[in-house]
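Visitor: Sequence first, predicted coordinates after that:
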Amino acid sequence: MNRSLGMARTSSKLNTLTIFSVSQEAHERSHMEEPQHANAKSVIHGITSMVSPRYIQLSFAKLFWIFVVGSILGLLIEDVFHVLVYHEWESRAGLVWGPFSPLYGVGAVVLTVFLNRFYYTHNLIIFLIAMVLGSAMEYLASLIMEVFWHAIAWDYSGTFGSIDGRTNFLFGVMWGMLGLVWVRMIMPRIKFIFQHINFKSTAMHIFTWLMVIFMAVNIVVTVLALHREGQRTENIPPATPIDVWLDETFPDDWMQKRFENMTVSKDVGAKSS
């Protein structure tokens, strides 16, 4: 009986030591994993801390008017830049009607959408994001014009940081600066103006949609006019009444004066094909 009691006590001690050993090992393992979890949490916190709530509450109407304002301001900036650098005036318009450059309008919308949650972030982060976004848009716009309309509006070949002549380092920096100016100076004013406009009113609703229709027609006609100009370089005769109207309304000399910085030729696009 004493032997059985002794064996039971020994077994109990062994079980206690085993449980203690396992718990000690688990405790040590948890301490080893804590730094890894802490590092992961710090990275996640670093990323999320850069993203703040929306600076401007956006809607279709607001984004459309940002597109319009960006198209006008972008064209104005480009015109002034060209005069200061080359000491001559040149039409830099992007549409057949009105003082609009849709590339800058799209850029304004993209910068607003992507940077809307980064308003309270460090300026360097905003600059880098705008630099990448602007360069990507410029490259894509150049590629689309060249492939579909055999047109070249800019060529940065031979310059520092040039990527296929469609964008380069200098204009990437300019996009970054433009994005910084847009976020820090223009967006607060846009927000202030939006706060004093009732976008839900009937008058504003009608005015917005009339402007949407005008801009849509403007863009479509511009695309058709550029396409028809490209056809004329290949001596393709008009095939429809619309082609005839385009030839009469937007002949080559008119297109050259309107889009002075653009070259349309059947030879354009060779490097894209």
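Guide: Thanks, I have the structure now.
Visitor: give me the low-pLDDT residue ranges for the chain?
Guide: 1-53, 265-273 (pLDDT under 70).
Visitor: Work out which residue lies at the spatial centre of it.
Guide: residue 110 (3.6 Å; Cα atoms, centre = their mean).
Visitor: host element of it?
Guide: helix 102-115 (DSSP states H and E).
Visitor: cool, and residue 192?
Guide: Using DSSP H and E, residue 192 falls in helix 187-195.
Visitor: residue ranges of the strands in this protein, please?
Guide: Along the chain, counting by DSSP state E, strands occupy 151-152, 263-264.
Visitor: strands paired with the first one, and their directions?
Guide: Looking back up the chat, that one is strand 151-152. strand 263-264 (antiparallel) (DSSP bridges).
Visitor: do you know how far residue 177 is from residue 127?
Guide: 7 Å (Cβ to Cβ, to the nearest Å). All C-beta spots, glycine's among them, are computed from the backbone N, C-alpha and C.
Visitor: more neighbours, those two?
Guide: residue 127 (18 against 14; other Cβ atoms under 10 Å).
Visitor: Would you check how far apart the more buried one and residue 81 are?
Guide: Distance from residue 127 to residue 81, by Cβ to Cβ: 19 Å.
Visitor: Likewise for residue 123?
Guide: 22 Å.
Visitor: How about residue 66?
Guide: Counting by Cβ to Cβ, the gap from residue 66 to residue 81 is 21 Å.
Visitor: Ok, residue 196 next?
Guide: Using Cβ to Cβ, which is the criterion applied here, residue 196 is 31 Å from residue 81.
Visitor: just residue 116 next, same as before
Guide: 27 Å.
Visitor: Tell me which of these two has more neighbours.
Guide: residue 116 (18 against 12).
Visitor: give the contact list for the residue lying closest to residue 105 once chain neighbours are set aside.
Guide: Leaving aside its sequence neighbours, residue 105 sits nearest to residue 71 (Cβ to Cβ, 6 or more residues apart in numbering; 3.4 Å). Going by Cβ atoms under 8 Å, 6 or more residues apart in numbering, residue 71 touches 94, 100-102, 104-105, 108.
Visitor: Residue 64 too?
Guide: Residue 64 touches 208, 211-212, 215, counting by Cβ under 8 Å, 6+ apart.
Visitor: List only those of these flagged as buried.
Guide: Buried by 16 or more other Cβ atoms under 10 Å: 208, 212, 215, out of the contacts of residue 64.
Visitor: From residue 201, how far out is the first one?
Guide: As judged by Cβ to Cβ, residue 208 and residue 201 stand 10 Å apart.
Visitor: same thing with the last one?
Guide: According to Cβ to Cβ, residue 215 stands 20 Å off from residue 201.
Visitor: again, but for the second one
Guide: Applying Cβ to Cβ, the value for residue 212 to residue 201 is 16 Å.
Visitor: So what touches the helix holding residue 192?
Guide: Taking Cβ under 8 Å, 6+ apart as the rule, helix 187-195 contacts 55-56, 62, 66, 69, 112, 119.
Visitor: OK, contacts around the closest residue to residue 250 other than its chain neighbours?
Guide: Excluding the flanking residues, the one nearest residue 250 by Cβ to Cβ, 6+ apart is residue 225, at 4.3 Å. Going by Cβ under 8 Å, 6+ apart, residue 225 touches 96, 246, 249-250, 255.
Visitor: Mind doing that once more with 10 Å?
Guide: Contacts for residue 225 (Cβ atoms under 10 Å, 6 or more residues apart in numbering) come out as 95-96, 149, 246-247, 249-251, 254-255, 258-259.
Visitor: Tell me which two of the residues you listed sit farthest apart.
Guide: 95 and 247 (18.8 Å; Cβ to Cβ).
Visitor: So these two - more neighbours on which side?
Guide: Set residue 95 next to residue 247 and count neighbours by other Cβ under 10 Å: residue 95 wins out with 21 against 17.
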